[in-house]
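Enquirer: need coordinates for the following:
(3 chains)
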Amino acid sequence: MPKTSLRDPARLLPAEPHVRAIAQELLERVVDAPIVSPHGHVPARWLSDDTQFSDPADLLIVHDHYVTRLLHAQGVPLEDLGVGGSPADPREAWRTLCSHWLAFSGTASAYWLAESLAQVFGIDETPSRDNADYLYDTIDTALRLPELRPRELFDRFNIDVLATTDDPMDTLEHHAALALDPTFSGRVIPTFRPDAYTDPEAPRFGERVATLIASEPGAATTFPGYLSALRSRRLHFKRHGAVSADHGVVEPFTCELDAAEAERLFQSALAGTLDAEGARVFRGHMLWQMAAMSVEDGLVMTIHAGVRRNHHTATFERFGPDTGHDIPIRTEYVDNLRPLLQSFGTAEGFHLVLFAIDETVYSRELAPLAGFYPSVYVGAPWWFLDAPDAMRRFREAVTETAGFYRTSGFIDDTRAYLSIPARHGVARRADASYLARLVAEGRLPLETAQRVIDDTVDSIPRKVFKL
Amino acid sequence: MPKTSLRDPARLLPAEPHVRAIAQELLERVVDAPIVSPHGHVPARWLSDDTQFSDPADLLIVHDHYVTRLLHAQGVPLEDLGVGGSPADPREAWRTLCSHWLAFSGTASAYWLAESLAQVFGIDETPSRDNADYLYDTIDTALRLPELRPRELFDRFNIDVLATTDDPMDTLEHHAALALDPTFSGRVIPTFRPDAYTDPEAPRFGERVATLIASEPGAATTFPGYLSALRSRRLHFKRHGAVSADHGVVEPFTCELDAAEAERLFQSALAGTLDAEGARVFRGHMLWQMAAMSVEDGLVMTIHAGVRRNHHTATFERFGPDTGHDIPIRTEYVDNLRPLLQSFGTAEGFHLVLFAIDETVYSRELAPLAGFYPSVYVGAPWWFLDAPDAMRRFREAVTETAGFYRTSGFIDDTRAYLSIPARHGVARRADASYLARLVAEGRLPLETAQRVIDDTVDSIPRKVFKL
Amino acid sequence: MPKTSLRDPARLLPAEPHVRAIAQELLERVVDAPIVSPHGHVPARWLSDDTQFSDPADLLIVHDHYVTRLLHAQGVPLEDLGVGGSPADPREAWRTLCSHWLAFSGTASAYWLAESLAQVFGIDETPSRDNADYLYDTIDTALRLPELRPRELFDRFNIDVLATTDDPMDTLEHHAALALDPTFSGRVIPTFRPDAYTDPEAPRFGERVATLIASEPGAATTFPGYLSALRSRRLHFKRHGAVSADHGVVEPFTCELDAAEAERLFQSALAGTLDAEGARVFRGHMLWQMAAMSVEDGLVMTIHAGVRRNHHTATFERFGPDTGHDIPIRTEYVDNLRPLLQSFGTAEGFHLVLFAIDETVYSRELAPLAGFYPSVYVGAPWWFLDAPDAMRRFREAVTETAGFYRTSGFIDDTRAYLSIPARHGVARRADASYLARLVAEGRLPLETAQRVIDDTVDSIPRKVFKL
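Expert: Got it, this is the predicted structure:
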């Protein structure tokens, strides 16, 4: 029986020996290819300051809501993990993770953590209550070494491009510093993420919009003034290397409005008198406007839709957002995006990448849309779907209708810096596995599969994200 | 080529030899483990009276709506099968099943029936028109033997716990008799199922509620009186060993109401003047109240949602409920359950097991909910999803997000007594197959998979159902 | 390693050697079986006139919206492909396809095209920019040969029955001519497709209805007159061999109306004063009426539901319908069809075949419906789901609940004449693969699998479509 361990070079590849052999051959072509990461959440400051990571818990637990949510589900209070700024003993938090390791069996998080431990710290042991302190000390000691600084890891991880996600009003000074720094050759680019400025129901919307408009010389507090300020901030991002604008929405609803109606909703939003339906229409129109600006300035438009944020209000109020209780909901793209696609679906140079967390839309909605509109790309499986079996289902659902070249290439979408290579590794292994099956079943010549896997890690993300 | 027959010890395991070998090793650990059945529909009377089964048709056809529905779809009138009390010749009904055996090819029912025939009656032949009478006589003769009585089978099936499902007003005398009987050592526990008392649109709602309230000394016909009576009946169930309360709802809608509004809806429901929306709100509030009581008295709350009952009215009117035309519908859990989870999602000791028959919710809604809320468990695949491929899809959809330890363990949910071991057997084989793949692909160490499969049949259901 | 090429006899079969061996054995039984095509879009005129195909682009690109949509998504203007009557150089269109071949990797279209090229023209090369002209010339030359005429191909493809899809007012003269022609022994039958006459929102509805009613001697412009005219046209179709009536609807909504309400909506529809909700109700009632007529005249009722047609209005206005931007939407069958099934679900001899393009309904709605109602059959995977992996998912989702004998058998649903054998071939290979796994996993005896695969290509479609 072939032994496959977590560190086996053939890990995640299909068990059937002939398919595995093909998959290994395909994987070898890309296993060490540079990482193109066109969407993620690593703070640019980590790289510009080359900050030392403070401790194992801060590095691997506190900010990773995949990890803290599952510990919470096991009955661990979030405050014991240091979530949301709670004071917590990092060693105790680490012990808690290790002693609940069994609960992570079979999850994507377990794989990413195990990969990070092995790859970065040379740790091959399965975490447990017994070895928790030993692991903690090993990691903690390593974190003080210069080669564990973010910039050294950037090189070691072979990252070619890393996109961050940023507030429209961000000065982007860290990106600027990195670009000017002769000692750092990596490409770290910002991404324009305007949700808090386009959703009248977002906290402090009025205040944010006032700041935004104030930043634009001569702009009035009118809808055109607001659009003009947004346009300027996008150019500010472009000047700092941005290639895309990202939109996180509950539903990808879009609509066109005439100037008077847009103005009326805008003023009502600022006055705090807009009702829920008005807010929905305003958001829908702003998504349409963002597409119009993308057509104009060339920033790739990405939409991440379908998440009910902060499901448990008490946890949100105590620990803040991104604390593990954002829950996916059923999402509809075909009718919601129709107004946007009627206007811009065939616009020259427009790129619209649709990320979904409701996997029922892959075969039904996204592959057919991307199989017609030259602007539309099916975003790689994202968030809860960012794992081997879900990735296989994604390829199986999308490829027969849209092929490989209407998909986006992988995005890691993470703030968990150490897991970036593991996440890209999973995607490469999943794609090699899927392609190998197509080859083994006579559905694709091997040479084509070789070309496709090369493209999925390189030319496809570069083309889709205009890198 | 390895021969795999219906009676092969490796049946249902993956064909790939290396994966199969791992699966067999895992299966061997649990194939003969005691059966924990925390949710089902066997009448307690069968065991307290140790009733002899009357004939093969009554035992294997009449009460099994999986079987009768597919025969009905083949054009067999339900009255020919003895459904709903119709007089029918049992031998003719059995002949009908045997001569339509081909129509069952590949279904879960065919597997369960074949397993039951083999395991209980030593019958290895495929049923057909030709051997129908021979099979009938073999079964009929066996049924007269003492070892085919329910209690003997209980031991032979190695059932450790068997939960029944009962009306809140049930005296539970059969459970009491079993508990007191020194000749029976099995554990047979009731389950509180109050739907008919909490849904204003259920038949004879007012009459039932009147009986309920009358059972509670001093209770007035008010909403508090009604709640108080329900609370007492739950305690009655607890005193007879109940560990859970089960709720069968079309949609898992929940809402909190103030006392005045609840009273108004309650009185309106009793007066028969509540409209459809009012009835929905009342049901939603009662689900919330049931959660409140579960937090209080510790009964595990299980929700079976998403079935349009009695789709074909003419059949319902002639043959009654549970006659094969309950059809699943699209179901939403995230927003519907939010009020309940806001109130009780993190309540100490609260267990909420969510069963779904719309499999799209597994990866999108249930795994993320169970991956955060310590109270929430993803119920095992149920009803139409209670079959090998659907079970595989369940594990593939849930595990990467929520692991194994946020799932409920298998429930057989059946009145088909003879099929209980076959159903648990399918679940064990499906889990062994899934785990074996994870091991073969280097995603789980073998020792972890061994621990997990042990837990899925034992410690997981015991913990989730507080057994 | 077993070599599997696109022309390998084992293509599309599972890679695992034991499963593949069983699949091959099963496939051999049906690989050359006659083609029963009970639903498709080939014009009868092609066969009655035995028209020579004009050129490679006209034959393989222009009318195949699977092909043109994916080229459009790659940025190719539809006018360059000759879509919608645009003048385009066929050789250039062909070169465009060949030079974009990589974009089709893994799609169903690539497989069908490759199969057609190999089977009909003996071309085994992968199309590319380099060999485009050579392939064009090869095909173009072959098209002039008598054996490439439609009738010769009909024989060579071993087509037993071919159904076309036709307007209710069609004279069916080509079908009549074929039936009378002693030199043609094939069976080419029409299908009644009345959507444009039953949907008040269809273009020129009033005009069409006027023509329809005028065709019925003595019919008044009343709802009964309209029904009477429809009834007569159905009989006209039956007299020309039709076995089914097909209904393409956005949602399978149905409702019963009383005569007065139906008349009111009908007159309002003709007057152009019906609002959107009224139009929906009228369509829903007409679907119910069509079922009533099917019960009466015996035509099998097929429903193809769930497509948002002509998503991109600009493309529709310039190039017409069926140009690649029909996009599936979420579809609901259980509640929508309930009124129809209440009335006719158990009617003697009624056949209702439900085709879905939203695959979430297979396990949740269609298999349970077909597993109870004797009239209901689950339609084979259709349109975007008409490919190997989607077919596997279909069988996995449906079989455990409804078996094989409540499904429709394959339909090719195509106008791409050359691809008919390839499409049926994919279905046969997919079914052999699925059945082989059931056998290998001990879930089905080999002899039963043999019987089932024989039936799926022959007795099942013949029975379901009353052929």
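Enquirer: compute the first-to-last residue distance for stretch A:379-399.
Expert: Stretch A:379-399 has its terminal residues 13 Å apart, counting by C-alpha to C-alpha, to the nearest Å.
Enquirer: that should have said stretch A:43-61, apologies.
Expert: So stretch A:43-61: terminal residues 17 Å apart, C-alpha to C-alpha.
Enquirer: report the buried residues of it.
Expert: A:43-48, A:50, A:53, A:55-57, A:59-61 (16 or more other C-beta atoms under 10 Å in any protein chain shown). All C-beta spots, glycine's among them, are computed from the backbone N, C-alpha and C.
Enquirer: next: stretch A:59-69.
Expert: Going by neighbour count (16+ other C-beta under 10 Å), the buried part of stretch A:59-69 is A:Leu59, A:Leu60, A:Ile61, A:Val62, A:His63, A:Asp64, A:His65, A:Tyr66, A:Val67, A:Thr68, A:Arg69.
Enquirer: show residues contacting that stretch.
Expert: Residues outside stretch A:59-69 that contact it (C-beta atoms under 8 Å, 6 or more residues apart in numbering or on different chains): A:53, A:71, A:78, A:81-83, A:93-94, A:97, A:107-109, A:112-113, A:116, A:139, A:143, A:322-326, A:415-416, A:418-419, B:371-372.
Enquirer: now the buried members of those residues.
Expert: A:53, A:71, A:78, A:81-83, A:93-94, A:97, A:107-109, A:112-113, A:116, A:139, A:143, A:322-326, A:415-416, A:418-419, B:371-372.
Enquirer: sort out for me which of those residues are in helices.
Expert: Using DSSP state H, the subset of the buried ones among the contacts of stretch A:59-69 located in helices is A:Leu71, A:Ala93, A:Trp94, A:Leu97, A:Ala108, A:Ser109, A:Trp112, A:Leu113, A:Ser116, A:Ile139, A:Leu143.
Enquirer: chain C next: which of those residues are close?
Expert: Among those, proximity to chain C is found for none (C-beta under 8 Å from any C-beta of the partner chain).
Enquirer: for the residues you listed, which one is nearest chain B?
Expert: Ranked by distance to chain B (C-beta to the nearest C-beta), these are led by A:Ala108 at 5.1 Å.
Enquirer: and the residue lying closest to the closest one once chain neighbours are set aside, how far is that from chain C?
Expert: What sits nearest to A:Ala108 in space, not counting adjacent residues and going by C-beta to C-beta, 6 or more residues apart in numbering or on different chains, is A:Ala387, at 3.7 Å. As defined by C-beta to the nearest C-beta, to the nearest Å, A:Ala387 lies at a distance of 19 Å from chain C.
Enquirer: enumerate every residue touching A:Ala387.
Expert: So A:Ala387 contacts A:Thr107, A:Ala108, A:Tyr111, A:Pro381, A:Val426, B:Glu400, B:Thr401 (C-beta under 8 Å, 6+ apart).
Enquirer: show me the contacts for the residue most central in space within chain A.
Expert: With distances taken as C-alpha atoms, centre = their mean, A:Asp413 lies nearest the centre of chain A, 2.0 Å away. Counting by C-beta under 8 Å, 6+ apart, A:Asp413 touches A:His39, A:Gly40, A:His41, A:Trp382, A:Trp383, A:Asp386.
Enquirer: you'd agree the fifth one is up against A:Asp358?
Expert: No: distance between A:Trp383 and A:Asp358: 10.8 Å, which falls outside the contact criterion (C-beta atoms under 8 Å).
Enquirer: no further queries at this time; thank you.
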